[in-house]
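In: Build me a structure from this.
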Amino acid sequence: MANGDQVIGLAFADEGYELDVDWPDMRVKLKAFVDSPWVAESLDPALDRKWARLSNIVNPLLGQGLIGIDIFDAKFKTLQCRLGVENGAISGIEELHLPFFLFQCWTAKYSVLKRLVIRPGQPKSTKILFRLLAIYPGFCLADVPTQEHSLLSTIRTFCYLWLLCSRSFTFTFFEQDMNHLERVVAKMEIKPVPKNDGGGMEINMVEWMYSHVATAVDGLGTMILESTTRYSPTALASLRMDVSRLKDRGLARMKKVLKQSNLEQLFVECEAFNLSRSSLVGQVLGAVRWSNIVSLEISGSCINDFLQVWMLYGNPFEPFDPSSVESAFSGNKLELVKALLGQDERLEIVLRIYAKGSSPSSELTTFGLRLKSLTVRSTGHTHRPLSHVSVLFIHNLIYSSPLVDLSLENVHLQDNQDWDLVIDAIDFSELTVLGMFKSNFQDVQMLLEKLGEQRTPLEKLDLRYTPADEELRKKFRYN
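Out: All right, here's what the predicted structure looks like:
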């Protein structure tokens with residue numbers, strides 16, 4: 001039943017139940033009810049009278065499975081509240097949805113309130129919520145509708161808002177399908193941290209259902225993800241990371257996220273960062289759990305800086321096994337070295353030297369990469385060639401992976417020898433896509449010879465806007 005401002009919906013316990021009711025008479029009475037104004041003065045007595053009147057109208061339905069009455073705002077097309085039914089009468093507001101437009105909801109009493117729902121992105125929701133919290137300290141739970149693409153930003157919004165609040169609170173985030181069925185996708189507990197303990201807040205993500213984070217996170221985002229992966233290591237399967245947006249604490253938390261999660265897809269955005277923080281950035285990159293990664297994308301305007309830092313501080317091709325120390329030390333010295341290793345990761349390079357009795361080996365270590373897809377994309381406009389160190393890192397990734405899809409987009413190397421090193425590392429027996437779009441690759445003959453050495457399932461070869469493309473065109477033009 002609706003008028004210009006309100007819509008009333010009736011909720012029943014059983015669908016398809018044949019109701020014994022005079023619907024024409026009830027529609028007339030319900031229309032008169034929704035046409036009657038809300039009284040702001042002496043709100044509670046006025047509401048009690050309004051609920052009593054509604055109880056009399058729906059009385060024939062109370063014994064036929066009626067469990068609730070929903071009131072909608074017709075103008076904004078949003079649910080405002082659900083009225084509960086108990087002992088043959090309307091018991092009061094059981095669910096309250098913010099923002100609320102029917103009356104000043106903070107002036108009412110909520111003796112039977114079971115659920116508070118907050119729609120994010122609407123300032124009125126936040127304003128009403130904080131007014132309610134100031135009046136009713138017993139409120140400590142709220143539900144928030146969301147979608148996968150906006151979940152992280154929604155959580156961040158409530159975290160920032162809660163810096164203004166000094167109480168513990170729990171938010172449950174849910175999504176709703178086309179049939180209005182709800183599914184919980186995340187649950188967050190926020191607790192204030194006393195000022196003498198540093199202040200701020202403690203975030204605990206005790207539930208998390210989405211597996212992909214498609215946007216790069218900031219410091220607060222790393223706090224959320226660190227808690228998520230701590231409680232649910234398998235929850236996160238795909239992550240986009242931009243360390244240039246993170247300060248020292250954010251980098252430390254991102255390192256934990258990478259160590260705690262079983263990521264299958266990793267997108268590394270390589271934007272400019274302070275090179276004095278190379279060691280911290282390298283520790284983050286070194287925390288990647290390579291045995292799980294099947295898809296890696298490295299893109300940005302500063303990929304050379306990142307690859308050099310990755311090779312220098314987080315090189316996965318010389319994994320250090322602390323157990324190898326035992327062959328070089330014994331007794332008290334061994335225990336001392338193990339203790340030092342636990343205190344300072346920078347000692348790994350020293351211990352590696354002592355354990356082997358020489359400088360670290362440059363030989364490639366086979367350790368079971370699962371990479372199926374690798375993309376290296378330069379977004380810079382200067383076409384600065386990658387260093388030999390960066391090329392070696394890319395070579396090792398390609399050589400150690402059963403790649404199906406390889407793309408080196410807008411990548412420029414210093415000379416043909418570097419390109420020969422990269423092409424020679426490719427196993428064409430499984431590769432179906434090879435892209436070198438806008439790169440400076442030019443040795444067509446070498447590539448053709450490599451393709452001719454073994455049968456390949458290659459379906460797509462992208463050499464557009466490369467010197468090699470021009471060379472191929474000349475060959476076909478003159479042949």
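
In: and stretch 443-459, which residues are buried?
Out: Neighbour-count burial for stretch 443-459, counted by 16 or more other Cβ atoms under 10 Å, picks out 443-444, 446-447, 450-451, 456. Just so you know, the C-beta spots here come from the backbone N, C-alpha and C atoms, and that holds for glycine as well.

In: Taking the residues you listed together, which two end up most distant?
Out: Every pair in those was compared (Cβ to Cβ); the two farthest apart turn out to be 443 and 456, at 17.7 Å.

In: Reformat the buried residues of stretch 443-459 into a markdown table and put pLDDT and distance to residue 404 next to each item.
Out: Rendered in a markdown table, the data for the buried residues of stretch 443-459 read as follows (pLDDT from 0 to 100; distance: Cβ to Cβ, whole Å):
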| residue | pLDDT | distance to residue 404 |
| --- | --- | --- |
| 443 | 90 | 23 |
| 444 | 88 | 23 |
| 446 | 88 | 22 |
| 447 | 90 | 18 |
| 450 | 88 | 17 |
| 451 | 87 | 16 |
| 456 | 89 | 11 |
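
In: got those residues as TSV, with secondary structure and distance to residue 132 columns?
Out: Listed next are the buried residues of stretch 443-459 as TSV, based on DSSP: H, G, I helix; E, B strand; the rest coil; distance: Cβ to Cβ, whole Å:
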residue	secondary structure	distance to residue 132
443	coil	69
444	helix	70
446	helix	71
447	helix	67
450	helix	69
451	helix	68
456	coil	65
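
In: could you dump those residues to a markdown table with distance to residue 47?
Out: Output for the buried residues of stretch 443-459, formatted as a markdown table (distance: Cβ to Cβ, whole Å):
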| residue | distance to residue 47 |
| --- | --- |
| 443 | 81 |
| 444 | 81 |
| 446 | 82 |
| 447 | 78 |
| 450 | 80 |
| 451 | 79 |
| 456 | 75 |
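
In: Just the closest of those to residue 91, please.
Out: Nearest to residue 91 among these is residue 456, at 71.6 Å by Cβ to Cβ.

In: Now that closest one. Nearest residue, chain neighbours left out?
Out: Distances taken as Cβ to Cβ, 6 or more residues apart in numbering put residue 428 closest to residue 456, at 4.1 Å, once the chain neighbours are dropped.

In: Helix, strand, or coil at that neighbour?
Out: Using DSSP: H, G, I helix; E, B strand; the rest coil, the secondary structure recorded for residue 428 is coil.

In: could you check the distance from residue 417 over to residue 391?
Out: The spacing between residue 417 and residue 391, counted by Cβ to Cβ, to the nearest Å, is 9 Å.

In: again but with residue 31, I slipped
Out: 76 Å.

In: Check residue 450 too.
Out: Using Cβ to Cβ, residue 450 is found at 17 Å from residue 391.

In: Looks like residue 374 contacts residue 399 (just checking).
Out: No. Judged on Cβ atoms under 8 Å, residue 374 makes no contact with residue 399 at a distance of 11.2 Å.

In: the more surrounded of those two?
Out: For residue 374 versus residue 399, the count of surrounding residues by other Cβ atoms under 10 Å is larger for residue 374: 21 against 18.

In: so the more buried one, which of the three states?
Out: When classified by three-state DSSP, residue 374 comes out as strand.

In: Distance of it relative to residue 435?
Out: When distances are taken as Cβ to Cβ, residue 374 and residue 435 turn out to be 11 Å apart.

In: For those two, list the residues in contact with both.
Out: Between them, residue 374 and residue 435 share these contacting residues under Cβ atoms under 8 Å, 6 or more residues apart in numbering: 406-407.

In: for the record, mean pLDDT for the helix or strand in which residue 256 is found?
Out: With elements delineated by DSSP states H and E, residue 256 resides in helix 248-260, which encompasses its position. Across helix 248-260, the average pLDDT comes to 92.

In: again, but for stretch 405-424
Out: When pLDDT is averaged along stretch 405-424, the result is 92.

In: how about that stretch as PDB, C-alpha atoms only?
Out: As requested, the backbone C-alpha atoms of stretch 405-424 are provided in PDB (Å, rounded to 0.1, in the frame of the first residue of the first chain):
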ATOM      1  CA  ASP A 405      50.900 -15.900 -21.400                       C
ATOM      2  CA  LEU A 406      53.900 -13.600 -21.500                       C
ATOM      3  CA  SER A 407      53.700  -9.900 -22.300                       C
ATOM      4  CA  LEU A 408      56.600  -7.400 -22.300                       C
ATOM      5  CA  GLU A 409      54.700  -4.200 -23.200                       C
ATOM      6  CA  ASN A 410      56.500  -0.900 -23.900                       C
ATOM      7  CA  VAL A 411      59.700  -2.500 -22.500                       C
ATOM      8  CA  HIS A 412      63.000  -1.300 -23.800                       C
ATOM      9  CA  LEU A 413      66.300  -3.200 -23.200                       C
ATOM     10  CA  GLN A 414      69.800  -1.900 -23.700                       C
ATOM     11  CA  ASP A 415      70.900  -4.100 -26.500                       C
ATOM     12  CA  ASN A 416      70.100  -7.300 -28.500                       C
ATOM     13  CA  GLN A 417      72.100  -9.400 -26.100                       C
ATOM     14  CA  ASP A 418      69.600  -8.600 -23.400                       C
ATOM     15  CA  TRP A 419      66.700  -9.500 -25.700                       C
ATOM     16  CA  ASP A 420      68.500 -12.800 -26.700                       C
ATOM     17  CA  LEU A 421      68.800 -13.600 -22.900                       C
ATOM     18  CA  VAL A 422      65.000 -13.100 -22.400                       C
ATOM     19  CA  ILE A 423      63.900 -14.900 -25.600                       C
ATOM     20  CA  ASP A 424      66.200 -17.800 -24.800                       C
END
